[in-house]
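Provided below are the primary sequence and the corresponding predicted coordinates.
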Amino acid sequence: MTRPKHTPCIDRAHLAEQTDGDADLAAELLGLFAGQCDRLLPVIADTAGERAVRADAAHTLRGSAAGVGANEIRGLCEAIETKLRTGSEPGTADLREAVARALADIADAA
């Protein structure tokens, strides 16, 4: 999946709406989201791990992504969760790339 470099990975308008325009709260939420990405992505991508655990991790990250406006990550996590819950083995390369872009977007905004 190719994105133009100028397209932000985080919907800042959505995030501002969620935080009522509080920039400090937005920064805190983005930091928490980045930490969840770092913690949950390895669980989701671990093909030796239990599918239910991986699906739960994808579900958690999906919810966090929705909260901060990381819509691409939300959609990818939703697809991965569905595949895991139905017994399929999803690829995670697109999710890894989307997370890397989102984390770079967060770092650039800091």
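That came through fine.

alpha carbons only for contacts and neighbour counts from here, please
Noted.

Can you classify residue 87 as helix, strand or coil?
Following DSSP: H, G, I helix; E, B strand; the rest coil, we place residue 87 in the coil state.

Could you give the number of residues near the nearest residue to it once chain neighbours are set aside?
Closest residue to residue 87 apart from its sequence neighbours, by C-alpha to C-alpha, 6 or more residues apart in numbering: residue 51 at 7.8 Å. The tally of other residues near residue 51 (other C-alpha atoms under 10 Å) stands at 21.

Could you pull up the contacting residues of residue 51?
Applying C-alpha atoms under 8 Å, 6 or more residues apart in numbering, we find residue 51 in contact with 84-85, 87.

In what element of secondary structure is residue 16 found?
If you go by DSSP states H and E, residue 16 is part of helix 12-18.

go on, residue 65?
helix 51-68.

Buried residues, that helix. List them.
51, 54-68 (16 or more other C-alpha atoms under 10 Å).

Closest to residue 27 out of those residues?
Taking C-alpha to C-alpha as the measure, residue 27 lies nearest residue 68 of the buried residues of helix 51-68, at 10.1 Å.

what sits against the closest residue to the closest one other than its chain neighbours?
Closest residue to residue 68 apart from its sequence neighbours, by C-alpha to C-alpha, 6+ apart: residue 15 at 5.1 Å. Contact analysis of residue 15 by C-alpha under 8 Å, 6+ apart lists 26, 67-69.

mind running it again at 10 Å?
Residue 15 is in contact with 21-23, 25-27, 29-30, 66-70, counting by C-alpha atoms under 10 Å, 6 or more residues apart in numbering.
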